[in-house]
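S.K.: Predicted structure and sequence below. I'll ask about it afterward.
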Amino acid sequence: MKKNRSISIIAVLLVIAAIVLLTQNHYSTLKENETNFSVVDTASITKIFIADKNVHSVLIERNETGWILNKKYPANTQIVSTLLATMRRIKVKSPVSMASHNNVVKRLATIGKKVEIYQEVYRIDMFGLKLFKHEKLTRVFYVGDSTKDNLGTYMLMQDAEQPYIVYLPGFRGFVSTRFSPLMEDWLSHEVFRKNLSAIKSLKIYFGENDSMGFNIDVVDAMGNYKIKRLLDDSFLQSYDTLRILNLMTSFSDLRYETRLNNLLPPQKIDSIINSPTLYEITLVDNSNDTTFVKLFKRYQATGEYNPVYNELVPLDHDRFYGLINDGEDFVLMQYFVFDKVLYPLGYYE
């Protein structure tokens with residue numbers, strides 16, 4: 001009986017000691033361990049904050065469906081996965097030499113990017129016992145520029161005095177660009193991402209020919225649809241079920257190539273979006289959320305009249321422009337990707 005009581009007392013004391021240590025040393029890891037840049041358990045990461053010394057910053061958060069950027073936009077999952085893999089695999093090559101120390105610290109203070117890592121951890125995690133799960137800021141460090149040989153990156157843990165050269169085993173290059181504070185670098189390129197079962201209706205308008213446009217209403221999950229001509233609002237009495245099915249399933253993953261908001265002059269963008277539309281696509285899901293996209297022609301060079309040759313620059317048959325995200329983003333798209341959803345009504349009759 002005495003033996004059992006002693007074991008119980010020791011167990012209670014260990015738990016109390018663990019809680020006291022965790023409470024008193026909330027940031028002890030950040031202050032004491034100057035080389036702990038890597039995160040072994042990236043699955044426990046809940047959010048990542050990256051900011052530079054200017055006005056740029058991004059907040060990447062994990063939710064039930066994936067990653068969200070700045071609490072609003074879907075994040076590019078491939079880019080996020082690359083960052084997570086980088087944080088899991090990075091290693092310290094060496095401390096910065098005394099001769100370079102002051103210069104590297106000054107550079108980090110000037111151009112360094114601040115990175116905050118938040119993880120899901122347990123207040124008590126010992127002997128296989130995990131209790132009181134919560135989100136915690138586990139690492140804060142600064143990412144600088146590359147070494148002279150471009151094979152390492154300077155990093156400094158918050159509150160540390162010694163910067164280090166960090167590298168990625170098996171990778172010939174530097175990793176600083178993977179910690180970008182620019183929102184454009186993290187945005188998902190998704191235009192449409194709706195499974196067949198989530199679609200309520202689809203409307204495709206052909207700007208150059210009204211007779212080609214149509215509207216599809218999903219009647220049930222058995223493959224029954226109401227297809228209406230936009231020209232006169234009449235309904236198709238028969239249609240190719242397989243082709244309609246291929247059309248509807250094609251909206252599960254359609255992406256643009258490049259975001260052009262900051263790559264083209266505003267006057268040029270305004271000129272294009274005020275020109276006649278090539279196509280307009282409206283997709284409504286079962287929650288009545290609407291995705292509306294306007295598509296425009298693209299010319300191979302300036303897209304303007306060329307007085308030297310006394311003709312318009314040739315039409316680009318590989319790419320076209322798009323206005324997406326409620327008109328917030330002007331993007332470049334590929335016919336190769338979107339052709340499968342741009343067939344006219346006659347194709348389905």
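M.R.: Perfect, I can see it now. Numbering: from 1, shown residues only.
S.K.: which residues sit against the biggest strand by length in the chain?
M.R.: Ordering each strand of the chain by length in residues (DSSP state E) puts strand 129-146 first. The set of residues external to strand 129-146 that reach it, using C-beta atoms under 8 Å, 6 or more residues apart in numbering, is 27, 29-30, 36-37, 39, 46-47, 104, 107-108, 111-125, 152-158, 163, 174-176, 179. C-beta coordinates here come from the backbone N, C-alpha and C atoms, glycine included.
S.K.: for it, the distance to its chain's centre please.
M.R.: The chain centre lies 21 Å from the centre of strand 129-146; the measure is C-alpha atoms, centre = their mean, to the nearest Å.
S.K.: again, but for stretch 215-228
M.R.: 33 Å.
S.K.: where along the protein do the helices fall?
M.R.: For the chain, applying DSSP state H gives helices covering 2-24, 28-32, 77-89, 98-111, 241-249, 266-273, 335-338.
S.K.: Please point out which parts of the last one sit buried.
M.R.: Neighbour-count burial for helix 335-338, with 16 or more other C-beta atoms under 10 Å as criterion, is recorded at 337-338.
S.K.: helices and strands around that helix, which ones?
M.R.: strand 254-255 (3 or more C-beta pairs under 8 Å, 6 or more residues apart in numbering; DSSP states H and E).
S.K.: now the strand it packs on, how far from the centre of its chain.
M.R.: 13 Å.
S.K.: Residues contacting it, please?
M.R.: 189-193, 337-338, 341.
S.K.: Narrow those residues to those that are buried.
M.R.: By 16+ other C-beta under 10 Å, those give 189-192, 337-338, 341 as buried.
S.K.: Mind checking the pLDDT average for stretch 219-231?
M.R.: Averaging pLDDT along stretch 219-231 gives 90.
S.K.: for that stretch, the distance to its chain's centre please.
M.R.: Distance, centroid of stretch 219-231 to centroid of chain: 34 Å (C-alpha atoms, centre = their mean).
S.K.: What residues sit buried inside that stretch?
M.R.: 225, 227-230.
S.K.: same question, stretch 208-221
M.R.: In stretch 208-221, counting by 16+ other C-beta under 10 Å, buried: 212-218.
S.K.: These into TSV, with extra columns for distance to Tyr347?
M.R.: Shown next, in TSV, are these (distance: C-beta to C-beta, whole Å):
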residue	distance to Tyr347
Met212	9
Gly213	12
Phe214	10
Asn215	15
Ile216	13
Asp217	19
Val218	19
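S.K.: Please identify which of these is nearest to Lys297.
M.R.: Lowest distance from Lys297 to the buried residues of stretch 208-221 (C-beta to C-beta) belongs to Met212, with 15.9 Å.
S.K.: Help me confirm that the closest one comes into contact with Tyr347.
M.R.: No: contact criterion C-beta atoms under 8 Å: Met212 and Tyr347 do not qualify, at 9.2 Å.
S.K.: returning to that earlier point: quick one: which of the contacts of strand 254-255 sit in strands?
M.R.: Short answer: the contacts of strand 254-255 in strands (DSSP E) are 190-192.
S.K.: now stretch 136-151: mean pLDDT?
M.R.: 94.
S.K.: Just the terminal-to-terminal distance for stretch 193-203.
M.R.: 16 Å (C-alpha to C-alpha, to the nearest Å).
S.K.: outside of that stretch, which residues touch it?
M.R.: With C-beta under 8 Å, 6+ apart, stretch 193-203 has contacts from 74, 213-218, 221, 230, 245, 247-249, 251-254, 280-286, 288, 291.
S.K.: rewinding a little: note down every partner strand of the longest strand of the chain and its orientation.
M.R.: strand 113-126 (antiparallel), strand 153-157 (antiparallel) (DSSP bridges).
S.K.: Identify each buried residue in the first one, please.
M.R.: It stands for strand 113-126. Here strand 113-126 shows 113-119, 121 as buried, counting by 16+ other C-beta under 10 Å.
S.K.: quick one on the thing from earlier: now do the longest strand of the chain against helix 98-111, angle only.
M.R.: Relative orientation of strand 129-146 versus helix 98-111 (axes from the mean of the first three to the mean of the last three C-alpha atoms, to 10 degrees): 100 degrees.
S.K.: Can you mark which positions in strand 129-146 are buried?
M.R.: 136, 138-139, 141-146.
S.K.: quick one on the thing from earlier: let's have the buried ones among the contacts of strand 254-255 in TSV, adding distance to Glu61 and pLDDT.
M.R.: Output for the buried ones among the contacts of strand 254-255, formatted as TSV (distance: C-beta to C-beta, whole Å; pLDDT from 0 to 100):
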residue	distance to Glu61	pLDDT
His189	19	93
Glu190	17	93
Val191	22	95
Phe192	23	95
Val337	28	96
Phe338	30	97
Val341	31	97
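S.K.: can I get the buried residues of strand 113-126 in JSON lines with distance to Gly322?
M.R.: Formatted as JSON lines, the buried residues of strand 113-126 follow (distance: C-beta to C-beta, whole Å):
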{"residue": "Lys113", "distance to Gly322": "31"}
{"residue": "Lys114", "distance to Gly322": "34"}
{"residue": "Val115", "distance to Gly322": "33"}
{"residue": "Glu116", "distance to Gly322": "34"}
{"residue": "Ile117", "distance to Gly322": "35"}
{"residue": "Tyr118", "distance to Gly322": "35"}
{"residue": "Gln119", "distance to Gly322": "38"}
{"residue": "Val121", "distance to Gly322": "42"}
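S.K.: Many thanks, have a good one.
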